[in-house]
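Participant: Can you look at this prediction? I've put the sequence above it.
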Amino acid sequence: MMIWNVALPDDWESRVRSALANVRDDLARGALHPLGAGMESVALRLDPPDGDGGTSFVLRFPYNEDGAEGIACEAALLPELAEHLPLPIPRFAFTAPNPLGPGEFCCYPAVPGESLSEEDWHRRGLLDEPAPIRRIAALIDAIHAFPVGRARELGVPESDPRAEFGERLDLLRAEVVPALPSSESRTLVAAFEDYIGDDACFDYEPVLIHADISLDHLLVTGTDVTGLIDFGDTTIGDPDYDLCYLWSETGPGFTQRLQELRGVPFTDRLQRKLRFWELADAAADVLHGIEHGHSEFRDESLAVLRGLLTQRGSGSNAEASHGYTADVR
């Protein structure tokens, strides 16, 4: 979900054009523009040469093995998943050997709409418009309705959140806890232990989930959502997890309205899980910054984590501890 800058090698453009020429020479002559980067891949936009009509494409290049595995999974899943969804998603034109890292890169016609920051969503009042929340509800339900057995056949991995968060807690104890004040470290460890030890948190029927539904991945045209991108984290897992980034970015009020539209209860248990996942995601960002030597990203993520720990340790109510009210940001 997080968008941050990654330095491309000096000769990135010549490498990319050469890779494109090996597949489609016409694309190698297009105009290339960096779009942004996540934790596992960098994206470029490929527009037709000046004055030429035609289709714009998005190119995604993984720069680690996780990113390469994600693109391979998308290449198998998305052609079938697209037929089940009410809005456009990436439809790969091709994958080819990656000139900037491991595995293969993908190329797909640009999905309709604009990627907006969280701030722009709020500034434009899109969370209060009737269309976006209906589109998001329909997208989540349609993804979750995709046959799980077929997803497994297509190679979609299945998550084991209890084991995964247990492993993350071990890393946090080693890498992050020593850097925190004792009160914050106790709050962090207790939050993980409470989640991992609560059987109710793992009482769910596994479904296909996007696992990264954030506002910047919901493409917007006017005041409506017109596409969904970035399926690199797709897995079979807890359906509630598809709410975690929306909860962080929009607050409890929007999440509750979304659940009401879907006909799904907005329970205390759900809210506890979402608050934990928000905390765990910030902790994962800190670990990522440490592991990859991104000191600025590490420090920014640590500040977010400490703010969440302070709110959590204050004993305030759910919405106050989240840092939002239902209707005001």
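Facilitator: Sure, I can see it. Being a predicted model, the structure only gives us computed values, none of them experimental.
Participant: Quick check on Ala163: phi, psi?
Facilitator: Reported as degrees, to the nearest 10, the phi and psi values for Ala163 are phi -70, psi -40.
Participant: repeat for Asp212
Facilitator: Torsion angles, degrees, to the nearest 10, at Asp212: phi -150, psi 40.
Participant: Likewise for the one 5 residues further on?
Facilitator: Geometry field for His217 lists phi and psi as phi -90, psi -10, criterion degrees, to the nearest 10.
Participant: How many neighbouring residues does it have?
Facilitator: Look at His217: counted by other Cβ atoms under 10 Å, it has 18 neighbours. The way it works is simple: take the backbone N, C-alpha and C, and place the C-beta from them, glycine included.
Participant: does the residue nearest to it when sequence neighbours are not counted count as helix, strand or coil?
Facilitator: Excluding the flanking residues, the one nearest His217 by Cβ to Cβ, 6 or more residues apart in numbering is Asp230, at 4.8 Å. Per DSSP: H, G, I helix; E, B strand; the rest coil, the local secondary structure of Asp230 is coil.
Participant: Mind pulling up the pLDDT for Glu158?
Facilitator: With respect to pLDDT, Glu158 scores 97.
Participant: Pretty sure it sits against Thr234.
Facilitator: No - with contact defined as Cβ atoms under 8 Å, Glu158 does not count as touching Thr234 (11.1 Å).
Participant: could you pull out the helices for this protein?
Facilitator: Using DSSP state H, the helices assigned to the chain run over residues 12-21, 65-82, 118-123, 130-145, 148-153, 161-175, 182-196, 244-250, 252-262, 268-292, 295-313, 318-322.
Participant: and the second one, which residues are buried?
Facilitator: By neighbour count, with 16 or more other Cβ atoms under 10 Å as the criterion, the buried positions of helix 65-82 are Gly67, Ala68, Glu69, Gly70, Ile71, Ala72, Cys73, Glu74, Ala75, Leu77, Leu78, Leu81.
Participant: isn't Ser115 right up against Leu219?
Facilitator: Yes - the criterion here is Cβ under 8 Å, and Ser115 meets it with Leu219 at 5.9 Å.
Participant: how is the chain carved up into domains?
Facilitator: Domain segmentation of the chain under automatic domain parsing yields 12-109, 118-322.
Participant: Could you pull up the residues touching Arg152?
Facilitator: Under the criterion of Cβ atoms under 8 Å, 6 or more residues apart in numbering, the contact list for Arg152 reads Glu158, Ile236.
Participant: Check what pLDDT it gets.
Facilitator: 97.
Participant: Could you do Thr234 as well?
Facilitator: Predicted confidence (pLDDT) at Thr234: the value is 97.
Participant: pretty sure it is in contact with Ile213, am I right?
Facilitator: No - assessed by Cβ under 8 Å, Thr234 is found out of contact with Ile213, at 10.6 Å.
Participant: Kindly reformat the buried residues of helix 65-82 as a markdown table containing distance to Val111 and pLDDT.
Facilitator: What follows is these, written out as a markdown table (distance: Cβ to Cβ, whole Å; pLDDT from 0 to 100):
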| residue | distance to Val111 | pLDDT |
| --- | --- | --- |
| Gly67 | 19 | 92 |
| Ala68 | 21 | 95 |
| Glu69 | 22 | 95 |
| Gly70 | 17 | 94 |
| Ile71 | 16 | 96 |
| Ala72 | 20 | 96 |
| Cys73 | 18 | 96 |
| Glu74 | 13 | 97 |
| Ala75 | 16 | 97 |
| Leu77 | 16 | 98 |
| Leu78 | 11 | 98 |
| Leu81 | 13 | 98 |
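Participant: nearest to Tyr195, of the residues you listed?
Facilitator: Gly70 (24.8 Å; Cβ to Cβ).
Participant: Quick check: the closest one vs Pro62, distance?
Facilitator: From Gly70 across to Pro62, the span is 7 Å (Cβ to Cβ, to the nearest Å).
Participant: so what sits against both of those two?
Facilitator: Glu40, Ser41.
Participant: Per-residue pLDDT of Met39, please?
Facilitator: Predicted confidence (pLDDT) for Met39: 81.
Participant: Can you report how many residues lie near it?
Facilitator: Residues near Met39, counting by other Cβ under 10 Å: 22.
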